[in-house]
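Undergrad: Output the structure for:
(one chain, ligands or ions: 1)
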Amino acid sequence: MLTHRITFWPFMFVHLIAIACWTLGYIGGWVPILSVVLHLALLTYGSLTPDAGFFIPHSVNLEKGTLALTYDDGPVPTHTEAILDLLKSEGVKATFFCIGDRVLKHPELAKRIVAEGHVLGVHTQGHSWRWGFMGKREALSEIERCVESIRSVTGKTPKLFRPPFGATSPNTAYAIHKSGLIPVAWDLRTFDTNAKEPSRLIEKCLARMGSATNILMHDPVPAALLLTKALIQRAKERGTRLVTVDPPATNK
Ligand SMILES: [Zn+2]
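TA: Reported below is the predicted structural model:
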């Protein structure tokens, strides 16, 4: 697997050789520029593709024939509640990666998620747009504060983590490792946050479902409710077992 650890020093070596050869006049200036551009492209790919495990390995696929419905960015009133109602009526358990600030703002929803047997994971305290650019200490604090928010509200210690925007960097990878949480990616991204028409979104997701085992949705997005309904129906038709990513958190 291509990782930052494996590629960093070879790339640095190539950059140095390219710069030295250019300085001595053996090659044109475009060669060192090209090597830097390629390296930056690889780092960008690694930052935005958590399932690639470029900076830190993420849990991605679950057992074949199973499907985990996973939701990021909640809990929020109305939308999360509607999804919880649907999951309850269908007898399905799911995994919610919650934002710490929202857990504190809507403690009754966080408690309900846990009480109804769903798994509640960490999605940082504030879901800052700067997440991918944070230093080690700040990133770790974002994770630890969210763990504490969940623990203070639900009495459970979460075990799973999903990075905001799916973004990782050497600093956030360090923070995730240090937190002891298990980073979780996905093998099907629904892009529900960009959906304009729920029917088109559902059509696209069902077409791409294939052998996916871990589906990323966002409970604050209104379309996620209809999408959930469609995914449950398709899973039941296919005999796919709907599961959580991990057993619910312990009392520790
Ligand atoms: Zn998010």
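
Undergrad: other SSEs contacting the lengthiest strand in the chain?
TA: Ranked by number of residues, the top strand in the chain under DSSP state E is strand 66-72. On a contact count with 3 or more Cβ pairs under 8 Å, 6 or more residues apart in numbering; DSSP states H and E, strand 66-72 meets helix 79-90, strand 95-98, strand 214-218, helix 223-238, strand 241-243. The C-beta positions use only the backbone N, C-alpha and C, and glycine is treated the same way.

Undergrad: all strands of this protein, in order?
TA: Residue ranges of the strands in the chain, as given by DSSP E, are 66-72, 95-98, 119-122, 160-161, 182-183, 188-189, 214-218, 241-243.

Undergrad: Out of the ones you listed, flag the one nearest the ion.
TA: With Cβ to the ion, the closest approach to the ion among those belongs to strand 66-72: 4.1 Å.

Undergrad: So which bits of that closest one are buried?
TA: Of all the residues in strand 66-72, those buried under the rule 16 or more other Cβ atoms under 10 Å are 67, 68, 69, 70, 71, 72.

Undergrad: Leaving out sequence neighbours, find the closest residue to residue 126.
TA: Counting by Cβ to Cβ, 6 or more residues apart in numbering, residue 101 is the residue found nearest to residue 126 once chain neighbours are left out, at 5.6 Å.

Undergrad: same question but for residue 104, I mixed them up
TA: residue 149 (5.2 Å).

Undergrad: near the ion, which residues of this protein show up?
TA: Residues of the chain lying near the ion by Cβ under 5 Å from the ion: 72, 73, 164.

Undergrad: got JSON lines for the residues you listed, with pLDDT too?
TA: As requested, those are exported to JSON lines (pLDDT from 0 to 100):
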{"residue": "72", "pLDDT": "98"}
{"residue": "73", "pLDDT": "98"}
{"residue": "164", "pLDDT": "95"}
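
Undergrad: could those go into CSV alongside distance to residue 38?
TA: Shown next, in CSV, are those (distance: Cβ to Cβ, whole Å):
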residue, distance to residue 38
72, 31
73, 33
164, 27
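
Undergrad: Closest to residue 22 out of those residues?
TA: Taking Cβ to Cβ as the measure, residue 22 lies nearest residue 164 of the residues of the chain next to the ion, at 39.1 Å.

Undergrad: how about the helices in the stretch 1-150 of the chain?
TA: 4-23, 30-48, 79-90, 100-105, 107-115, 136-154 (DSSP state H, counting those that start in this stretch).

Undergrad: got the angle for the last one vs helix 107-115?
TA: I take that to be helix 136-154. Following axes from the mean of the first three to the mean of the last three Cα atoms, to 10 degrees, one obtains 80 degrees for the angle between helix 136-154 and helix 107-115.

Undergrad: Make 793 the starting number, not 1.
TA: Yes, from this point I'll number from 793; that puts the last item at helix 928-946.

Undergrad: Which elements pack onto helix 928-946?
TA: With contacts taken as 3+ Cβ pairs under 8 Å, 6+ apart, helix 928-946 sits against helix 892-897, helix 899-907, strand 911-914, helix 962-971.

Undergrad: Point out the most buried one among the ones you listed.
TA: Among the helices and strands packed on helix 928-946, ranked by average contacts under mean count of other Cβ atoms under 10 Å, first place goes to strand 911-914 (a mean of 27).

Undergrad: Could you give the average pLDDT over it?
TA: Across strand 911-914, the average pLDDT comes to 97.

Undergrad: chain center to it, what's the gap?
TA: Centre-to-centre, strand 911-914 and its host chain are 11 Å apart (Cα atoms, centre = their mean, to the nearest Å).

Undergrad: Could you do stretch 859-879 as well?
TA: Per Cα atoms, centre = their mean, the displacement of stretch 859-879 from the mean C-alpha position of its chain is 15 Å.

Undergrad: pLDDT score for the residue positioned nearest the centre of the chain?
TA: Central residue of the chain (Cα atoms, centre = their mean): residue 954, 3.9 Å from the mean position. Looking at residue 954, its pLDDT is 96.
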